[in-house]
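# Kindly return the folded structure for what I paste below:
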Amino acid sequence: MPRTFDIVPLRSLVAVATTGGVRRAAQSLVITQSAVSQHLRRLEKECGAPLVRHDGRGIALTEDGERLLSFARAILAAHDDAVSYFDKESDSIVIGSAQNSAALVLPMLAGPLREAFQPVDVRLLLDRNRTVRELLERGEIDIAVTTRIAPEISPREEGFRLRWLWGAGVPDPSEGAEVPLVVFTPPCTLRQPTFDTWSASGRRWRVAAEVNDLASGLEAVRHGVGTMLAPVMEKMPDGLRELPGAPPVSAIQLVVVRTSSTSAELVDTARAILAAHVGTERVETQDHSHFALPS
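The predicted structure follows:
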């Protein structure tokens with residue numbers, strides 16, 4: 001029989017790669033962790049190859065998993081385009097999120113938005129900044145949530161903030177040694193600030209790895225490839241700690257990006273949900289025309 005890849009398991013694979021793990025993927029999709037794990041096993045059975053590998057409590061994609069992920073994103077984009085085209089008369093809300101913020105944003109937003117707007121269908125789209133912006137401009141998503149470096153406000157000592165991630169079992173880098181960096185491929189909000197911060201500190205640095213998804217980035221950090229700048233809440237991702245002696249970084253905000261057709265109720269609700277988690281001053285609203293692509 002020919003291979004068949006169902007849409008639902010493919011969404012779970014994309015969510016795992018985007019959020020960095022099964023638990024957060026389940027939260028973002030508002031399903032159970034066991035359901036996500038079952039979806040991954042179904043895909044592995046269909047592929048005839050392992051797609052994820054475990055390291056302690058962390059998870060990363062195999063080479064076959066990375067390949068299927070690229071296909072999955074294309075399949076889901078085409079599927080959702082078709083749904084949008086033939087679903088013009090039905091009510092739905094589509095929320096887009098860039099990968100570097102999806103791991104925090106989606107668990108906060110998914111359930112509360114579905115509850116607030118039921119029975120309206122709320123769908124989530126996780127992708128790179130460039131794709132999210134293009135979908136906004138075409139009117140295919142209602143709002144996007146991303147991050148913005150905010151040097152005009154004070155960085156926090158606790159709660160929602162940027163932190164330099166380092167492997168829990170990895171020795172600290174030697175004083176004066178070149179600092180290895182793990183960064184997203186462009187465009188990414190945190191890429192240039194990563195370079196600028198280390199350059200301003202006077203420490204030598206090098207790009208040790210460039211990644212396309214959060215799961216791969218976290219896995220690289222766990223294995224000592226380098227340090228990665230990422231927004232976190234109180235709890236660090238499994239197998240990671242903060243890099244001692246790292247330079248201070250600016251504050252970060254969550255940005256709710258709207259279009260001219262986005263309902264005020266949706267914007268206000270999304271902003272209120274996020275503010276309840278990170279504080280009112282850490283959330284701002286922006287028109288899509290000002291949604292600049294970072295380098």
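
# Low-confidence bits of the stretch 151-295 of the chain, can you list those?
290-295 (pLDDT under 70).

# quick one, helices of it?
For the stretch 151-295 of the chain, applying DSSP state H, counting those that start in this stretch gives helices covering 191-201, 214-222, 264-278.

# Would you convert those into CSV that also reports distance to residue 176 and mean neighbour count?
C-beta here means a position set from N, CA and C on the backbone, and glycine is covered the same way. Output for the helices of the stretch 151-295 of the chain, formatted as CSV (distance: least, C-beta to C-beta, whole Å; neighbours: other C-beta atoms under 10 Å):
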stretch, distance to residue 176, mean neighbour count
helix 191-201, 12, 17
helix 214-222, 21, 25
helix 264-278, 36, 17
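
# quick one, which of those helices is nearest to residue 98?
For the helices of the stretch 151-295 of the chain, the distance to residue 98 is smallest for helix 214-222, at 10.4 Å, taking C-beta to C-beta.

# contacting residues around that closest one?
For helix 214-222, contacts defined as C-beta atoms under 8 Å, 6 or more residues apart in numbering pick out 16-21, 55-56, 58-61, 66, 99-100, 102-103, 165-168, 170, 182, 184, 208-209, 211, 226-228, 230, 237, 239-240.

# same thing but 7 Å
Contact partners of helix 214-222, identified using C-beta atoms under 7 Å, 6 or more residues apart in numbering, comprise 16-20, 55, 58-61, 99, 103, 165-167, 182, 184, 209, 211, 226-228, 237, 239-240.

# circling back to that earlier point, tell me which of the helices of the stretch 151-295 of the chain sits nearest to residue 129.
Among these, helix 191-201 comes nearest to residue 129, with 10.3 Å by C-beta to C-beta.

# which other residues reach that closest one?
Helix 191-201 is contacted from outside by 149, 179, 181, 183-184, 205, 229, 247, 249, 294-295, using C-beta under 7 Å, 6+ apart.

# next one: stretch 94-105
Here stretch 94-105 has contacts from 18-20, 24, 28, 106, 109, 113, 122-129, 132, 135-136, 140-147, 184, 188-190, 213-214, 230-231, 233, 254, using C-beta under 7 Å, 6+ apart.

# Is residue 258 in contact with residue 284, as I believe?
No: using C-beta atoms under 7 Å, residue 258 is not in contact with residue 284, being 11.2 Å away.

# more crowded one of the two?
Comparing residue 258 with residue 284 by other C-beta atoms under 10 Å, the one with more neighbours is residue 258, at 21 against 14.

# If that one is in a bridge, with which residues?
Residues in a beta bridge with residue 258, per DSSP bridges, are residue 143, residue 287.

# which ones are touching it?
Residue 258 sits next to 143, 267, 285, 287-288 when contact means C-beta under 7 Å, 6+ apart.

# which among these end up buried?
The neighbour count (16 or more other C-beta atoms under 10 Å) marks 143, 267, 288 as buried among the contacts of residue 258.

# Could I get these in a markdown table, plus columns for distance to residue 41?
Shown next, in a markdown table, are the buried ones among the contacts of residue 258 (distance: C-beta to C-beta, whole Å):
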| residue | distance to residue 41 |
| --- | --- |
| 143 | 33 |
| 267 | 39 |
| 288 | 39 |
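
# quick one: which of the helices of the stretch 151-295 of the chain is nearest residue 71?
helix 214-222 (16.3 Å).

# In CSV, please show the C-alpha coordinates belonging to that closest one.
The C-alpha coordinates for helix 214-222 follow below in CSV (Å, rounded to 0.1, in the frame of the first residue of the first chain):
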residue,chain,number,x,y,z
LEU,A,214,13.8,25.1,18.6
ALA,A,215,14.0,21.4,19.3
SER,A,216,17.3,21.2,17.4
GLY,A,217,18.6,24.3,19.1
LEU,A,218,17.9,23.1,22.6
GLU,A,219,19.4,19.7,21.8
ALA,A,220,22.6,21.4,20.5
VAL,A,221,22.9,23.4,23.7
ARG,A,222,22.3,20.3,25.9
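
# what residues are up against residue 203?
Shown in contact with residue 203 (C-beta under 7 Å, 6+ apart): residue 179.

# go again using 8 Å as the cut-off
Taking C-beta under 8 Å, 6+ apart as the test, what residue 203 contacts is 176, 178-179, 247.

# buried subset of the contacts of helix 214-222?
Among the contacts of helix 214-222, the ones that count as buried by 16+ other C-beta under 10 Å are 16-20, 58-61, 99, 103, 165-167, 182, 184, 209, 211, 226-228, 237, 239-240.

# So residue 125: helix, strand or coil?
The three-state assignment at residue 125 reads strand, by DSSP: H, G, I helix; E, B strand; the rest coil.

# For it, which residues count as its bridge partners?
Beta bridges link residue 125 to residue 96 when assigned by DSSP bridges.
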